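[1] just coords:
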């Protein structure tokens with residue numbers, strides 16, 4: 001376990017903003033993680049847990065407490081057979097995309113559409129990471145955590161994680177620190193059915209078709225690169241938290257009201273809001289569409305240091321030298337503008353630390 005003081009936090013986040021931590025502890029084992037959390041809690045001090053930093057916007061003032069950087073590693077195959085698939089335990093500090101790459105190479109099917117997502121494996125259950133028709137809730141068997149209230153290691157079965165769209169029992173609280181995740185993957189050389197239309201077109205199959213795992217992974221990476229969603233130090237379109245807002249889920253009547261507003265703004269023959277079925281009769285629409293049609297196109301805000309990606313309107317990006325306040329200001333402008341035009345409230349995916357949107 002390594003301890004440092006007054007360390008800038010910008011370098012630990014993909015948005016590359018954030019002031020200093022009073023104390024930074026890097027924990028490389030489960031015992032180190034648990035010991036560090038217990039020490040902070042016993043002293044009744046503030047704690048911020050940082051994984052890959054891909055979902056954080058830390059204030060320019062930094063964090064006046066202990067920042068725990070999760071860095072434990074390990075991928076262990078616990079069992080595997082043709083009927084039950086393979087059970088793989090992944091340490092919270094393992095790079096997520098490295099694990100996906102290994103899964104595709106090993107013939108472990110079920111997470112190939114989640115290729116290229118930045119961050120560490122322990123963060124994936126927190127917001128039920130998903131993309132291109134897959135989400136981790138479909139393959140997670142267990143999540144092992146440290147429960148700060150009970151002061152004990154506590155394991156959650158998948159059914160107890162309360163997974164919903166970009167949400168889980170872990171997201172709205174700092175009570176649980178993820179230690180590792182047990183995945184149940186299928187033993188197969190082919191992907192799971194391709195659910196995303198653009199991905200299917202790129203692969204030359206019908207939606208619902210299956211392709212070799214390596215082909216699915218490369219197609220997903222190509223789609224993400226096209227949108228600036230694969231980390232690249234030389235590409236400022238990737239200096240972001242990925243998708244900054246979740247896709248709104250609306251009641252049927254709210255969606256009808258959105259369609260009416262869209263017609264008033266864009267004309268009867270103009271584009272209409274995308275519509276996708278959601279659970280309980282609700283309707284999911286596209287945050288990117290709302291942002292674009294609300295007047296915030298690709299590159300909005302440039303040449304300022306905070307701007308929307310030139311590749312995808314859903315990403316708020318740091319063009320170099322942006323402050324956390326500038327990132328928040330741009331996101332606020334977009335959120336409020338969409339609300340004024342379409343009467344739909346966008347909800348941010350990243351967690352704000354030390355400030356609010």
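    Here it is on my side, so go on. Keep in mind it's a predicted model, so treat the numbers as computed, not measured.
[2] partners of the single longest strand found in the chain, with directions?
    When the chain is parsed with DSSP state E, its longest strand is strand 176-187. Strand 176-187 pairs in its sheet with strand 85-91 (antiparallel), strand 108-109 (antiparallel), strand 140-147 (antiparallel), by DSSP bridges.
[3] ranges for the helices of the stretch 251-357 of the chain?
    For the stretch 251-357 of the chain, helices defined by DSSP state H, counting those that start in this stretch occupy the ranges 252-266, 287-293, 324-342.
[4] deepest of these, which one?
    helix 287-293 (a mean of 22; mean count of other CB atoms under 10 Å). Bear in mind the C-beta positions are built from the backbone N, C-alpha and C, glycine included.
[5] how far off centre is that one?
    Centroid displacement of helix 287-293 relative to its chain, using CA atoms, centre = their mean, to the nearest Å, is 19 Å.
[6] show me the contacts for the residue nearest to residue 139 when sequence neighbours are not counted.
    The shortest distance from residue 139 to any residue other than its chain neighbours is 4.4 Å, reached at residue 110 (CB to CB, 6 or more residues apart in numbering). By CB atoms under 8 Å, 6 or more residues apart in numbering, the contact set of residue 110 is 103, 134, 138, 139, 183, 184, 185, 186, 192.
[7] which of the residues you listed has the most neighbours?
    Of all the contacts of residue 110, residue 183 has the most neighbours under the rule other CB atoms under 10 Å, reaching 27 neighbours.
[8] and among the strands paired with strand 176-187, the most buried is which?
    strand 108-109 (a mean of 24).
[9] downstream of that strand, the next helix or strand is which one?
    Counting by DSSP states H and E, the element after strand 108-109 in chain order, helix or strand, is strand 130-131.
[10] sorry, back to before: what separates the residue nearest to residue 139 from residue 62, distance-wise?
    For residue 110, the distance to residue 62 equals 39 Å [CB to CB, to the nearest Å].
[11] next one: residue 257
    In terms of CB to CB, residue 257 sits 42 Å off from residue 62.
[12] repeat for residue 24
    In terms of CB to CB, residue 24 sits 10 Å off from residue 62.
[13] pull up the overlap in contacts between the two.
    Jointly contacting residue 24 and residue 62 under the rule CB under 8 Å, 6+ apart are residue 9.
[14] need the nearest residue in space to residue 129, chain neighbours excluded.
    Per CB to CB, 6+ apart, closest to residue 129 is residue 136, 5.2 Å.
[15] how many neighbours does that neighbour have?
    Residue 136: 27 neighbours (other CB under 10 Å).
[16] now do the contacts for residue 30.
    Applying CB under 8 Å, 6+ apart, we find residue 30 in contact with 72, 91, 179, 180.
[17] for residue 43, see how far away it is.
    21 Å.
[18] do residue 343 as well
    47 Å.
[19] and if you look at residue 240?
    From residue 240 to residue 43 the distance is 35 Å (CB to CB).
[20] re earlier: distance check, the residue nearest to residue 139 against residue 137.
    11 Å.
[21] identify the residues contacting residue 241.
    Residues near residue 241 by CB under 8 Å, 6+ apart: 14, 15, 54, 55, 56, 57, 315, 316, 349, 350.
[22] identify the farthest-apart pair in the residues you listed.
    56 and 315 (15.0 Å; CB to CB).
[23] how is this protein divided into domains?
    Domains of the chain are assigned by automatic domain parsing as 2-70, 75-226, 236-353.
[24] okay, these in JSON lines with mean pLDDT next?
    Shown next, in JSON lines, are the domains of the chain (pLDDT from 0 to 100):
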{"stretch": "domain 2-70", "mean pLDDT": "97"}
{"stretch": "domain 75-226", "mean pLDDT": "95"}
{"stretch": "domain 236-353", "mean pLDDT": "97"}
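[25] from residue 357, how far off is the residue nearest the centre of the chain?
    Geometric centre of the chain, nearest residue: residue 129, 5.2 Å, by CA atoms, centre = their mean. Plainly put, residue 129 is 20 Å away from residue 357 if you go by CB to CB.
[26] the closest residue to residue 236 other than its chain neighbours: neighbour count?
    Among residues not flanking residue 236 along the chain, residue 319 sits closest, at 4.9 Å (CB to CB, 6+ apart). Look at residue 319: counted by other CB under 10 Å, it has 19 neighbours.
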